[in-house]
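Trainee: here is my input; please provide its structure:
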Amino acid sequence: MKSKVVNITEKDTAIGRMVNSFQHTLRRLSASLNFGISPDGKRNYNTIFGYGEQLSYSDYFGMYERSALGNAVVSKVTKACWNEIPKVTSSDTQILEEELDTLNKMGFFRALERADTLNRIGNFSVLLIGVPDGMQLNQPLGTANSMEELYFNPYNFDGIEILKWDNDPISKRFGLPIEYQLQTTSFGEKQKDIQTSAIIVHFSRIIHLAEGALDSSVEGSSSLQPIWNNLINTLKIVGGSGEAYFRNARQQLALEADKESSLEPGSQELAALKDNIEAHGNGWESTLRLQNMKAHNLQIQMISPRDSFDTNTEEISGQTGIPIRILTGKGGGQTTGSEDRASWNSVISDRRTTECDNYLFQGLGILQEAGLLELPDDAVVEWPPQAALNEKEQAEVNEKKASTFEKIVTALAKPVGDEADIETVLEAVGLEDIEIDESEIDDKDIDSIDPEDLNDDN
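Mentor: A predicted model of the protein is given here:
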């Protein structure tokens, strides 16, 4: 059987690309629309539980503004990431110290934090670096003579339009934006933030922040999207609990009319009673004026929202990596435990490496292109160490170290004739990484060691 040769013209190829793109978009849209629908199609959980169908940036921004947990998930991370100024080193030598200090005083790092906050609320954000190069913003970046007139403006997802893309397959920026249209978007009553005209900006002046980007280098995902259902649940739990307390704080009464009662529909007596009941329930009236009626107290069972609330916050904590006591302040003002602090430090350290380094280097690269600083190819960012443990947390760590030391001493104090394998002992107590010194010691040496000395990092 002979194979059939099909000649594909350039026009056919273009049509094929369009069809494939349409099918890809349709599949993605279908997957999004079908999420939350039971396999048999009979139940829409998004509608039943009030989670919403298609979420928009305004939904996420509203959750950030109005929900304590939503705000914490977004802002606690960005504040912790940008609360310290990093060092830049090259060949183990610190560089750009004066330049970073100047940029900090000009608000560069504060602007990065603001842009990063917007990035975590929406699918991406941008930070415009205004360079005094004498060129229009829609033109490629030129050179400048001084940092004095630099400015930094963050823009949120809802105020960004990409006007032009790089569609050249051999370009190193293939599939990335060339021109942005930027404008400040007003939310709620912030009328002073409204900007009547948009600006067109060349990509060479833009830091593009897109955390969580997967198949797109341009668009990531909101940090609130994976936990949206849990955030809605917490609003219902807290709001429902408050409403239940409000309704049941005063005694609930049942009124029983006697046979002699003249409360006929439309009667003046019935109208007066309704006014009296409404004033008693919603106003300052503390007395019910009843005639030929009996009042009975209803026993209302109050259900604690704690378990339901904890279930949802645990899921939020698990997804975001933010320890619950840092996320919610749970613990009645107690200090954060050493395990929580270590976990939190790890989250921030990882994010600084995976996200913040990239954003900072984008900004420094723009300033280098403008001739305002020199950034070697081997430059790396070094962030200050995370916050040390406080006194209570350090005491807990010291106690654990002392306990471990006691186990070692006990394990080594074997009867004469038994050989103590110190490497096995250390492995048993979780200190297998300690290097062994073969020096001989006796009981007096062991007794003279103070467990507090184990806290010495040196």
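Trainee: pretty sure Ile178 contacts Asp166?
Mentor: Yes: the criterion here is C-beta atoms under 8 Å, and Ile178 meets it with Asp166 at 5.4 Å. (Glycine included, C-beta is placed from N, CA and C.)
Trainee: where's Asn312, which helix or strand?
Mentor: In the assignment (DSSP states H and E), Asn312 maps to helix 306-320.
Trainee: could you point out the helix or strand that follows the helix or strand of the chain with the lowest mean pLDDT?
Mentor: The weakest-scoring helix or strand in the chain, judged by mean pLDDT, DSSP states H and E, is helix 10-34 (a mean of 52). Following helix 10-34 in sequence order, the next helix or strand is helix 45-48 (DSSP H and E).
Trainee: SS state for Val381?
Mentor: Each residue gets one of three states, and Val381 gets strand by DSSP: H, G, I helix; E, B strand; the rest coil.
Trainee: contacts only, for it.
Mentor: Contacts for Val381 (C-beta atoms under 8 Å, 6 or more residues apart in numbering) come out as 86-88, 352, 356-357, 360-361.
Trainee: if you look at the residues you listed, which of them are in strands?
Mentor: Among those, the members falling in strands (DSSP state E) are 87-88.
Trainee: with respect to Asp59, which of the contacts of Val381 is nearest?
Mentor: Nearest to Asp59 among those: Cys356, at 26.3 Å, using C-beta to C-beta.
Trainee: check contacts around the closest one.
Mentor: Residues near Cys356 by C-beta under 8 Å, 6+ apart: 81-82, 112, 116, 381, 383.
Trainee: how about the residues you listed in TSV, adding distance to Leu100 and pLDDT?
Mentor: Output for the contacts of Cys356, formatted as TSV (distance: C-beta to C-beta, whole Å; pLDDT from 0 to 100):
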residue	distance to Leu100	pLDDT
Cys81	16	96
Trp82	13	97
Leu112	12	98
Asp116	17	98
Val381	10	96
Trp383	12	95
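Trainee: adding distance to Glu219, write these out as TSV.
Mentor: As requested, the contacts of Cys356 are arranged in TSV below (distance: C-beta to C-beta, whole Å):
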residue	distance to Glu219
Cys81	21
Trp82	22
Leu112	20
Asp116	16
Val381	25
Trp383	27
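Trainee: what's the closest of those to Gly62?
Mentor: Using C-beta to C-beta, the contacts of Cys356 come closest to Gly62 at Asp116, 19.5 Å.
Trainee: quickly find the element holding that closest one.
Mentor: Per DSSP H and E: Asp116 is located in helix 108-121.
Trainee: which of the residues in that helix are buried?
Mentor: Buried residues in helix 108-121, counted by 16 or more other C-beta atoms under 10 Å: 108-109, 111-121.
Trainee: closest to Ser58 out of those?
Mentor: Ile121 (10.3 Å).
Trainee: outline the domain layout of this protein.
Mentor: 10-48, 57-229+339-382, 399-455 (automatic domain parsing).
Trainee: closest to Gly240 out of those domains?
Mentor: Using C-beta to C-beta, the domains of the chain put domain 57-229+339-382 closest to Gly240, at 14.9 Å.
Trainee: distance between the ends of the closest one?
Mentor: Terminal residues of domain 57-229+339-382 lie 33 Å apart, using C-alpha to C-alpha, to the nearest Å.
Trainee: swap in stretch 167-181?
Mentor: 18 Å.
Trainee: ok, and what's touching it?
Mentor: For stretch 167-181, the surrounding residues in contact (C-beta under 8 Å, 6+ apart) are 126, 138, 160-166, 198-203, 206, 208, 217-218.
Trainee: wait, what's in contact with Ala72?
Mentor: Contacts of Ala72 (C-beta under 8 Å, 6+ apart): 322, 327-328.
Trainee: give me the secondary structure label for it.
Mentor: Three-state assignment for Ala72 (three-state DSSP): helix.
Trainee: coming back round to it: adding distance to Pro265, write the buried residues of helix 108-121 out as JSON lines.
Mentor: Listed next are the buried residues of helix 108-121 as JSON lines, based on distance: C-beta to C-beta, whole Å:
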{"residue": "Phe108", "distance to Pro265": "73"}
{"residue": "Phe109", "distance to Pro265": "71"}
{"residue": "Ala111", "distance to Pro265": "68"}
{"residue": "Leu112", "distance to Pro265": "69"}
{"residue": "Glu113", "distance to Pro265": "65"}
{"residue": "Arg114", "distance to Pro265": "62"}
{"residue": "Ala115", "distance to Pro265": "65"}
{"residue": "Asp116", "distance to Pro265": "64"}
{"residue": "Thr117", "distance to Pro265": "59"}
{"residue": "Leu118", "distance to Pro265": "59"}
{"residue": "Asn119", "distance to Pro265": "62"}
{"residue": "Arg120", "distance to Pro265": "59"}
{"residue": "Ile121", "distance to Pro265": "55"}
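Trainee: what about the closest residue to Met135 other than its chain neighbours, neighbour count?
Mentor: Nearest residue to Met135, sequence neighbours excluded (C-beta to C-beta, 6 or more residues apart in numbering): Gly142, at 4.5 Å. Gly142 has 15 neighbouring residues, counting by other C-beta atoms under 10 Å.
Trainee: again, but for Leu360
Mentor: 22.
Trainee: do you know how far it is from Ile162?
Mentor: 23 Å (C-beta to C-beta, to the nearest Å).
Trainee: swap in Arg325?
Mentor: Applying C-beta to C-beta, the value for Arg325 to Ile162 is 41 Å.
Trainee: do the same with Gly50
Mentor: From Gly50 over to Ile162 (counting by C-beta to C-beta), the distance is 33 Å.
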